[in-house]
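Sequence and predicted structure below; questions after.
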Number of protein chains: 2
Amino acid sequence: MQAPTACLIIIGNEILSGRTQDKNIAWLAKELNECGVRLMEVRVIPDIEETIIHTVNACRPNFTYIFTTGGIGPTHDDITSAAIAKAFGVALERNKDAEEILTRHYGADKLNAARLKMADIPEGAELILNPVSAAPGFRIQNTYVMAGVPAIMQAMFGYIRHTLRGGAKMLSRTISVYITEGTIAAALTAIQDDFPQVEIGSYPFVRDGRLGTSLVARSTDPDKLDSAYNRIKTLLQSLTSEVIEGDLA
Amino acid sequence: MQAPTACLIIIGNEILSGRTQDKNIAWLAKELNECGVRLMEVRVIPDIEETIIHTVNACRPNFTYIFTTGGIGPTHDDITSAAIAKAFGVALERNKDAEEILTRHYGADKLNAARLKMADIPEGAELILNPVSAAPGFRIQNTYVMAGVPAIMQAMFGYIRHTLRGGAKMLSRTISVYITEGTIAAALTAIQDDFPQVEIGSYPFVRDGRLGTSLVARSTDPDKLDSAYNRIKTLLQSLTSEVIEGDLA
């Protein structure tokens, strides 16, 4: 069986302007992998309604799961919920459960119109709760709408992760040498050809002024992974006495 | 005049697996902004030929500039150059200038077949040189193909940046307070409505356990930017004595 796939859509001018260094891609990639779901694509798009609608609708038929981050707060630039409702052709409506959560969190006196906007959720969506900021995300069909702030996004993912149906987990082993890629490329191609079920990645690095290469073998099959890894290790040991099991990049 | 736009396509399983923390988005975003070019979209895609071809061809009509990073090294998983040639419907051919550069760098004795692969460039493309690793990237039409290793990507961008035709530079001012977004959202919407040529972004943060908001005003018009910024500053000063000019997020 093909593993379930995911696409992450990061909605946020602050990433595209370079103001904010993204921390969500790598975190979500690793978590999804633990769930047996493959992150196959990421898109970073601006806070523009038609772009959000177009991107969500272009992506959602192509992946098992769509995750969005960003744009669900109380300010004028938080337009994700309304755009998602339009993308799915449903109304954006005041969600009673969300309103109750926000009332409890802020108290009725501080729950102004801007904060109440965070209770406007597409019709038919299920809430994604989070203990950090209270304001919920939501799921509609295969699309999970989460906050952009990493701590809140992570709490939301924690709330829904047990509901994801994963396939075989991708296993990974890494080995590193202070040898440049070009020296080992041909031998590595031969190993890759012998192990079509193992994905072998080659990543150059510079460490303390020395050039090197980390080789990452990935597979859902632990035996094939070990066999490919051992072939790589034997190759590297034939070239240098300095073989480091693990990642140096 | 509309500012020239850009799309960054990051080609690399190592980003999608979470192994490698991306550092190229924020760096390139800031550099492009300095050039008066707006980064409007980022896509991260795997090392799969048909995905590369499809993504490049889907994106290149929609932006002034396309930048790709990753997959131009000597190993079996470096398939970007061949995929780009197919995307543009041209041959991948041994480039004499690239071969000469690689020969000079490695010496004829160490220039094996794998390294020579880095001289295979789509027909009609112009080389993008770099002093870090010697192996060139290339430009074909509006598409700039660069290395994924940040230091090498940055050197390549340095080589081509003077050739980009930029528009008005996006200017930015940031101000921060220890007040949560919901408290200022309504007043902020009114300011945004008064300054349609200024893009106002609101970004919550937690610092030393205190919640706050950074407000970023961006515009190509310095006078309108200052006016909007001063309105925001006056608003914040009416709410707290602790107004920090700059970013805290």
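Everything's here; your move.

any low-confidence regions in chain A?
A:1, A:249 (pLDDT under 70).

now the helices for it?
Secondary structure of chain A (DSSP state H): helices at A:13-16, A:24-34, A:49-59, A:80-88, A:96-106, A:113-116, A:150-160, A:181-194, A:222-237.

Reformat those into JSON lines and put distance to B:I128 next to each item.
Where C-beta positions appear, they are placed from N, C-alpha and C, glycine not excepted. Below are those laid out as JSON lines (distance: least, C-beta to C-beta, whole Å):
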{"stretch": "helix A:13-16", "distance to B:I128": "23"}
{"stretch": "helix A:24-34", "distance to B:I128": "26"}
{"stretch": "helix A:49-59", "distance to B:I128": "29"}
{"stretch": "helix A:80-88", "distance to B:I128": "37"}
{"stretch": "helix A:96-106", "distance to B:I128": "50"}
{"stretch": "helix A:113-116", "distance to B:I128": "47"}
{"stretch": "helix A:150-160", "distance to B:I128": "34"}
{"stretch": "helix A:181-194", "distance to B:I128": "19"}
{"stretch": "helix A:222-237", "distance to B:I128": "31"}
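
so who does A:D78 touch?
A:G71, A:I72, A:K117, B:S202 (C-beta atoms under 8 Å, 6 or more residues apart in numbering or on different chains).

measure the closest residue to A:R115 other than its chain neighbours to A:I15 for me?
Of all residues not flanking A:R115 in the chain, B:G182 sits nearest, at 4.0 Å (C-beta to C-beta, 6 or more residues apart in numbering or on different chains). To A:I15, B:G182 is 23 Å away according to C-beta to C-beta, to the nearest Å.

And for A:D97?
For A:D97 relative to A:I15 (C-beta to C-beta), the value is 30 Å.

Those two: which has the busier surroundings?
Taking other C-beta atoms under 10 Å in any protein chain shown, A:D97 and A:I15 do not tie; A:I15 has more neighbours (25 against 13).

So the more buried one sits against B:I25, correct?
Yes: the pair A:I15 / B:I25 is scored as a contact, 6.6 Å apart, by C-beta atoms under 8 Å.

list the residues that contact both of the two?
Common neighbours of A:I15 and B:I25 (C-beta under 8 Å, 6+ apart) are A:D22, A:V44, B:V42.

Now do the contacts for the spatially most central residue of chain A.
The centre of chain A sits closest to A:L28, judged by C-alpha atoms, centre = their mean, with a distance of 3.4 Å. Neighbouring residues of A:L28 by C-beta under 8 Å, 6+ apart: A:L8, A:L39, A:F67, A:M153, A:F157, B:G18.

Write down the beta-bridge partners of the closest residue to A:I9 other than its chain neighbours, one by one.
Closest residue in space to A:I9, ignoring its immediate chain neighbours: A:T68 at 4.5 Å, by C-beta to C-beta, 6+ apart. As for beta bridges, A:T68 partners with A:I9, A:V145 under DSSP bridges.

Tell me who's in contact with A:T68.
By C-beta under 8 Å, 6+ apart, the neighbours of A:T68 are A:L8, A:I9, A:I10, A:I11, A:V56, A:T80, A:I84, A:T143, A:Y144, A:V145, A:M146.

Show residues contacting stretch A:213-232.
For stretch A:213-232, using C-beta under 8 Å, 6+ apart, the contacting residues are A:3, A:167-177, A:179-181, A:184, A:188, A:191, A:194-195, A:197-205, A:236, A:247-249, B:13-14, B:17, B:19.

since we're on A:R165, how many residues are nearby?
So A:R165, with other C-beta under 10 Å, has 10 neighbours.

That one and B:A83: what is the separation?
Taking C-beta to C-beta, one finds A:R165 at 32 Å from B:A83.

And A:I25, by the same measure?
From A:I25 to B:A83 the distance is 22 Å (C-beta to C-beta).

go on, A:F205?
24 Å.

what do you get for A:G182?
From A:G182 to B:A83 the distance is 20 Å (C-beta to C-beta).

go on, A:S81?
37 Å.

Over to A:L129?
For A:L129, the distance to B:A83 - C-beta to C-beta - is 42 Å.

higher neighbour count, the two?
Higher neighbour count among A:L129 and B:A83: B:A83, with 25 against 17, using other C-beta under 10 Å.

Tell me which residues touch A:G148, please.
A:G148 neighbours (C-beta under 8 Å, 6+ apart): A:I10, A:I11, A:G12, A:N24, A:T69, A:G70, A:G71, A:I72.

Specify which member of those residues is nearest to B:I52.
Nearest to B:I52 among the contacts of A:G148: A:I10, at 20.5 Å, using C-beta to C-beta.

got a list of what the closest one touches?
Applying C-beta under 8 Å, 6+ apart, we find A:I10 in contact with A:D22, A:N24, A:I25, A:V42, A:R43, A:V44, A:I45, A:T68, A:T69, A:G70, A:G148, B:V42.

swap in A:G124?
So A:G124 contacts A:V90, A:I140 (C-beta under 8 Å, 6+ apart).

Quickly check: stretch A:183-200 near chain B or not.
Yes: Stretch A:183-200 reaches chain B (C-beta under 8 Å from any C-beta of the partner chain) through A:T183, A:I184, A:A185, A:A186, A:L188, A:T189, A:Q192, A:E199, A:I200.

ok, now stretch A:237-246?
No: against chain B, stretch A:237-246 shows no contacts by C-beta under 8 Å from any C-beta, the least distance being 11.9 Å.

Just give me how far that stretch sits from the chain centre.
32 Å (C-alpha atoms, centre = their mean, to the nearest Å).

Highest neighbour count among the contacts of A:D78?
Neighbour counts for these peak at A:I72, which has 27 neighbours (criterion: other C-beta under 10 Å).

Correct me if wrong: that residue contacts A:A83.
No: using C-beta under 8 Å, A:I72 is not in contact with A:A83; the gap is 10.5 Å.

Who are the contact partners of A:L211?
A:L211 neighbours (C-beta under 8 Å, 6+ apart): A:Y178, A:T180, A:P204, A:F205.

Give the phi and psi angles for the second one, as a check.
If I follow you right, that is A:T180. Main-chain dihedrals, A:T180, degrees, to the nearest 10: phi -80, psi 160.

Without its sequence neighbours, what residue ends up closest to it?
A:T180 sits nearest to A:L211 (C-beta to C-beta, 6+ apart), 5.2 Å away.
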